[in-house]
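J.: Quick check, what structure comes out for this input:
(chains A and B, ligands or ions: 2)
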Amino acid sequence: MAAEFVIEGLKATIEGKEILKGINLSMKGGEIHAIMGPNGTGKSTLASALMGHPKYEVTEGTATLEGEDLLEMAVDERARAGLFLAMQYPSEISGVTNSDFLRSAINARREEGNEISLIRFIRQMEAKMKELDMNPEFLHRYLNEGFSGGEKKRNEILQMMMLDPKIVVLDEIDSGLDIDALKIVAEGVNSMRSEERGFLVITHYQRLLNYIKPDFVHVMMQGRIVKSGGPELAQRLEAEGYEWIKEELGIEDETVGQEA
Amino acid sequence: MTTQTILPVDAKALSELSQSNGEPNWLQASRLSALELAAELGLPKLEKTKIDPWNVDNYGTYKSSQVLTDLSAVPASIAELVKDQEQGNLIIQRNSGAVYTHLSPELAAQGVIFTDLQTAAREHGELVQRYLHQAVKPEEHSIAALHAALWNGGVFLYVPKNVVIETPLQAVLLTDDAEAAFVPHILIVADTNSSVTYVDNYVSDKAEAGLHNGAVEVFVGAGAHVRYATVHQLGADTADITYRRAIVDNDGTIEWIVGEMNYGHTASDTKSILKGNGSSSDAKVIAVGSGSQKLNYTTQAQHFGKNTPSDMITRAVMREEANSIINGITKIEKGATRADGQQTEKVLMLSPKARGDANPILLIDEDDVTAGHAASVGQVNPEQVYYLMSRGISRRDAEALIIYGFLAPVVSQIPLEGLRTQLQSLVERKLGQ
Ligand SMILES: Nc1ncnc2c1ncn2[C@@H]1O[C@H](COP(=O)(O)OP(=O)(O)OP(=O)(O)O)[C@@H](O)[C@H]1O
Ligand SMILES: [Mg+2]
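T.: Ligands and ions are numbered 1, 2, ... in the order given. Predicted coordinates:
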C-alpha cells in the first residue's frame, strides 16, 4: 500500500514562541517533495515537530501516516510507524557502537524472540555500507562520535537504508558533503525510491535536486509554506534567489519572528 | 583521642586464638600490638563521608570453617563464580577461613606459592613477615589497626623471579554467617620480572548486618607486572571498607581493575605508590550505586620514581538515592622528574535524588612533570534519548544503551573476557534491568 502522509494546519512552539504557523502538506508513496527556504524559516522545526522532539510543542493541527495520527504517538512509535528523519545535526553517543545501536533499532521493530541474527545483521550492514562507500570500521565506532560532518550524513543514510521507513524526511542531507559523497548519498536515496515510500527533502541547493529529482517543490517563509510548484521552482530559486517571492507576496522579513 | 574505639576482642582472647591456630610468635605479637594501636587510633577521615554509623564495630567472632573436599560442594551463592574451575588455581574463603585451595602442580614446581595467608604465615613465615602490613600500615587509623589485629583467611600469592603466569589466579571471598568475623587480607608479592593476573570476588549471602574490613597489599618487583582485578558484590547489610595498596619497584607495572557493585555502604581506597624509576600504574574503577547507598571511592597515585606514568579512571552510575563521593589524588613528589599523572572521574546520575561528587586533586612538588585531570557529573542527555528513540528504540532501551555506553569505554578495556561479562551482568542487575 502506498504511504499517504498528510499534514494539516500544523502549528508548533518552542519555549512558548510560535515557529510553525500552520503547515499544510500532503504526499503519497513514490513522490519526492522538496522544501526550500531561507535560514531560520522553520524547516528543521517542521522536521523535529513531526518526529516529536521534546522541545517542540505542537499546539494545533494534525499529521497522519496511512490514516494514523502520528502526533498522538511517542517518538519511538512514530519511527516504528514508518517515519524516518535524517537530522541536520545528529547526536553523538559515546560508548554505544554503531552496530549495537542499529541492531537495537531493527530489533525494536521485531517481535521478542524473533530478533535478527548477528550474522545476518552484519552482512546486511556491510552490504549497505559498501553501497555508501563507508569503511567497515564504522560498524564498531561509537555512534557519530568524532565523525566528520560528511560521515555523519552518510551514517544517517545508512540508518535509513537499514530501517526501511515509509516516509523519509532528509534535513540538509547535502550539507557538509563533498561532490563525490553527494553523489553516493543521492544514489543511496534513489535506490530506496519506490511506490511505497515518500521523501521530504529539505535543502538549500539545486545541486542535490539534480540528483534526487523532486516532483514538488515548496518554499517556506515565516513558518509557513508560501509557495509550491514543480522542479522548475527550485531552478528559478537557484538562479534568482528568494527576493522575487518576497516581493510577490509582500514579505519584508522572511524569518519566523515576523508576520506577513 | 576523642572517640574511644570499642575493641571487638581482648588481648587474651586474641593471643589464645593465634596460638590455637598455630601461628608463629611474630604474628601473634603483630596482632597484639595492632590491637593496642586500635585502642588509641580513631576512624579514618574520609572526604565528606562519615563512616561512624556503618556498623564499624560489628566484626563478629572468629569461627573456624568447614573445609570443602571438592568444588561440587560450594555454597550456591558462589557456584556460578567457580564453575568449571576444578583444575583452576583457586582459593575460597568462607567467613573466617579458607575452605578450598588449589594450585596446579606446574605452577608449584616453578616455585609459585598460592595459599591462604594463615597457612602461608605458618609455612612461609619469613617471606610473609617481610611484606605483611608494609603497604597498609596499622598505624594509619583504627580500621587498619583492627584489620591487622583480626585478619583471617586471606590469600598469599608469591611469584618467583622471571616466572610469567598466563592464566589468571582466582579467589572467592564469601561471608554468609553474620556472627563470623570476615576480615580477609590479600598479600601479593611478584618478584623481579615476573608477571601475573589475579582476580577475586567478594560475595555475601546473609540477612544480618556485618562489616568487611579488608586490606590488599601488592608488592611489584623490578620489571614485574601485576594485574589485580576485584569485584565487590556484597549485599545491603554488609558495610565494606577496603584499602588496596601497591608498591611498585623500578620498571614494574600495577594494573587495578575494580568493580564496585556492592549494595551496602562502601569506602574503598586504591593507591599505587610508584617508588621505582620507570614504574607505572593504571587503575580502572567501575561503580553502580543504588538504593540509599553511601559510597566513597578514592583512587590515588603517588610518584617517587622518575619517568613514572599513572592513569586513573573512575566511572560511576548513581540511581535512586545513592550518594557517592569520588576522589582522585595524584601526588608527585619532589625528584619524580618526568612523572605523568592523569585521572578522570565521571558520574552519571539517573535520578534527581542521586548524588555524585567528583573531586580531582593534583598535588605536585616537582616542576618537570605532566599531569591532568577531568571530572564530570551529569545526567542522561535528553537529546541523545530523542535521537535513539527516533530510530524506533523504546525510551527504556534508549536509556539503557546510554548508561552502558557511559561505562563501555572502561569496561571494553578490561583484558579479561570472563570478567567483562560478569561485570556486565552485575551492572544490569544493579540497574534493575
Ligand atoms: N529555543 C529556541 N528559542 C527561540 N527560538 C528558537 C529556538 N530554537 C529555534 N528557534 C528559532 O526558530 C526559527 C526556525 O528555526 P529552524 O531551525 O526551523 O530554521 P531552518 O529553516 O531549519 O533554518 P536553516 O536553514 O538555517 O537550517 C529560527 O529563527 C530559530 O532561531
Ligand atoms: Mg534547518
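J.: From here on, just use CA atoms for contacts and neighbour counts.
T.: Will do.
J.: Which residue, neighbours along the chain excluded, lies closest to the residue in chain A positioned nearest to chain B?
T.: In chain A, the residue found nearest to chain B is residue A:95; the distance is 3.6 Å by C-alpha to the nearest C-alpha. Leaving aside its sequence neighbours, residue A:95 sits nearest to residue B:405 (C-alpha to C-alpha, 6 or more residues apart in numbering or on different chains; 3.6 Å).
J.: And the strands in the stretch 1-150 of chain A?
T.: For the stretch 1-150 of chain A, the strands defined by DSSP state E, counting those that start in this stretch cover A:4-14, A:17-28, A:32-36, A:56-65, A:68-69, A:83-86, A:93-97, A:142-143.
J.: got those as JSON lines, with distance to residue B:61, mean pLDDT and mean neighbour count columns?
T.: Shown next, in JSON lines, are the strands of the stretch 1-150 of chain A (distance: least, C-alpha to C-alpha, whole Å; pLDDT from 0 to 100; neighbours: other C-alpha atoms under 10 Å in any protein chain shown):
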{"stretch": "strand A:4-14", "distance to residue B:61": "65", "mean pLDDT": "97", "mean neighbour count": "19"}
{"stretch": "strand A:17-28", "distance to residue B:61": "69", "mean pLDDT": "96", "mean neighbour count": "19"}
{"stretch": "strand A:32-36", "distance to residue B:61": "78", "mean pLDDT": "97", "mean neighbour count": "25"}
{"stretch": "strand A:56-65", "distance to residue B:61": "63", "mean pLDDT": "97", "mean neighbour count": "18"}
{"stretch": "strand A:68-69", "distance to residue B:61": "68", "mean pLDDT": "96", "mean neighbour count": "14"}
{"stretch": "strand A:83-86", "distance to residue B:61": "65", "mean pLDDT": "98", "mean neighbour count": "26"}
{"stretch": "strand A:93-97", "distance to residue B:61": "46", "mean pLDDT": "95", "mean neighbour count": "23"}
{"stretch": "strand A:142-143", "distance to residue B:61": "51", "mean pLDDT": "96", "mean neighbour count": "23"}
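J.: ok, back up a step: enumerate every residue touching the residue of chain A closest to chain B.
T.: The contact partners of residue A:95, by C-alpha atoms under 8 Å, 6 or more residues apart in numbering or on different chains, come to A:142, A:143, B:402, B:404, B:405, B:406, B:407, B:408, B:409.
J.: do the same with residue B:426
T.: Counting by C-alpha under 8 Å, 6+ apart, residue B:426 touches residue B:261.
J.: before we move on, what about residue B:162?
T.: Counted by C-alpha under 8 Å, 6+ apart, residue B:162 has contacts B:191, B:192, B:193, B:194, B:195.
J.: and with 10 Å instead?
T.: B:110, B:190, B:191, B:192, B:193, B:194, B:195, B:223, B:224 (C-alpha atoms under 10 Å, 6 or more residues apart in numbering or on different chains).
J.: Buried ones among these?
T.: The neighbour-count test (16 or more other C-alpha atoms under 10 Å in any protein chain shown) marks B:190, B:191, B:192, B:193, B:194, B:195, B:223, B:224 as buried among the contacts of residue B:162.
J.: if you look at those, which of them are in strands?
T.: B:190, B:195 (DSSP state E).
J.: if we look at chain A, which of the buried ones among the contacts of residue B:162 are close to it?
T.: For chain A, no contacts are drawn from those by C-alpha under 10 Å from any C-alpha of the partner chain.
J.: TSV for the buried ones among the contacts of residue B:162, including distance to ligand 1 and pLDDT?
T.: Shown next, in TSV, are the buried ones among the contacts of residue B:162 (distance: C-alpha to the nearest ligand atom, whole Å; pLDDT from 0 to 100):
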residue	distance to ligand 1	pLDDT
B:190	59	98
B:191	62	98
B:192	62	98
B:193	60	98
B:194	60	98
B:195	57	98
B:223	58	98
B:224	57	98
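J.: For whatever residue of the stretch 1-150 of chain B ends up closest to ligand 1, give me its contacts.
T.: For the stretch 1-150 of chain B, the residue closest to ligand 1 is residue B:48, as judged by C-alpha to the nearest ligand atom, at 38.3 Å. Applying C-alpha under 10 Å, 6+ apart, we find residue B:48 in contact with B:296, B:324, B:325, B:326, B:357.
J.: quick one: which of those residues has the most company?
T.: residue B:324 (28 neighbours; other C-alpha atoms under 10 Å in any protein chain shown).
J.: what does the model give it for pLDDT?
T.: Residue B:324 is assigned 97 on the pLDDT scale.
J.: number of nearby residues for residue B:238?
T.: If we define neighbours as other C-alpha under 10 Å, then residue B:238 has 28 of them.
J.: Check residue A:220 too.
T.: A count of nearby residues for residue A:220, using other C-alpha under 10 Å, gives 23.
J.: which stretches of chain A form helices?
T.: A:43-51, A:75-81, A:98-107, A:118-131, A:149-163, A:179-191, A:206-211, A:231-240, A:243-249 (DSSP state H).
J.: what's the neighbour count on residue A:110?
T.: If you count neighbours by other C-alpha under 10 Å, residue A:110 ends up with 13.
J.: residues in contact with it?
T.: Going by C-alpha under 10 Å, 6+ apart, residue A:110 touches A:80, A:104, A:116.
J.: same question, residue B:113
T.: B:103, B:107, B:120, B:124, B:156, B:157, B:158, B:159, B:160, B:188, B:189.
J.: Since that was my last question, I'll sign off now.
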